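Asker: Give me a 3D structure for the following:
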Amino acid sequence: MTAPFEALDLAVPILKTIEKQGYTEPTPIQAEAIPLLLENKDLMGIAQTGGGKTAAFTIPLLEKLVADNMRPSPRKPRAVILAPTRELANQISETVKIFCRGLRL
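Answerer: Predicted coordinates:
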């Protein structure tokens, strides 16, 4: 059994958003990826469709942006996510929007 998201030491606003989405514990890819990405490690992961890959990299990215607490320079991105297709880019965009709710980003 996987430990709950609280065990990943995430910011309270991110944990609240995760809870509002109905997630109670991370998927296997999330449980392994999130701690490594929070430690600034490189990662290549494989999981089934619907396995939580997008959240696996989105949650640590948002955690880092919240922790930085810096205002972005005008017209300068704070993060870039590359996706091979427009459909995947749209899916990632929607996931990021969901997880950004309640964050001051």
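Asker: drop to CA atoms for contacts and neighbour counts, all remaining ones
Answerer: Noted.
Asker: which residues of the protein fall in helices?
Answerer: Assigned by DSSP state H, the helices in the chain fall at 12-20, 28-38, 53-68, 86-100.
Asker: pretty sure T95 contacts T54?
Answerer: Yes - between T95 and T54 there is a contact at 7.2 Å, judged by Cα atoms under 8 Å.
Asker: Quick check: the nearest residue to I92 once chain neighbours are set aside vs E63, distance?
Answerer: Leaving aside its chain neighbours, I92 sits nearest to T54 (6.4 Å; criterion: Cα to Cα, 6 or more residues apart in numbering). Separation of T54 from E63 (Cα to Cα, to the nearest Å) stands at 14 Å.
Asker: lowest confidence element among the helices and strands of this structure?
Answerer: helix 12-20 (a mean of 89; mean pLDDT, DSSP states H and E).
Asker: Give me the distance from that helix to the chain's centre.
Answerer: 11 Å (Cα atoms, centre = their mean, to the nearest Å).
Asker: Ok, stretch 68-75 next?
Answerer: In terms of Cα atoms, centre = their mean, the centre of stretch 68-75 is found 19 Å from the chain centre.
Asker: measure that stretch end to end?
Answerer: Note: stretch 68-75 ends 18 Å apart using Cα to Cα.
Asker: any residues touching that stretch, and which ones?
Answerer: Stretch 68-75 has contacts (Cα atoms under 8 Å, 6 or more residues apart in numbering) with R78.
Asker: for it, what is the average pLDDT?
Answerer: Computed over stretch 68-75, the mean pLDDT rounds to 82.
Asker: now stretch 30-40
Answerer: 94.
Asker: Which residues are in contact with A56?
Answerer: If you count contacts by Cα under 8 Å, 6+ apart, A56 has them with 29-31, 33-34.
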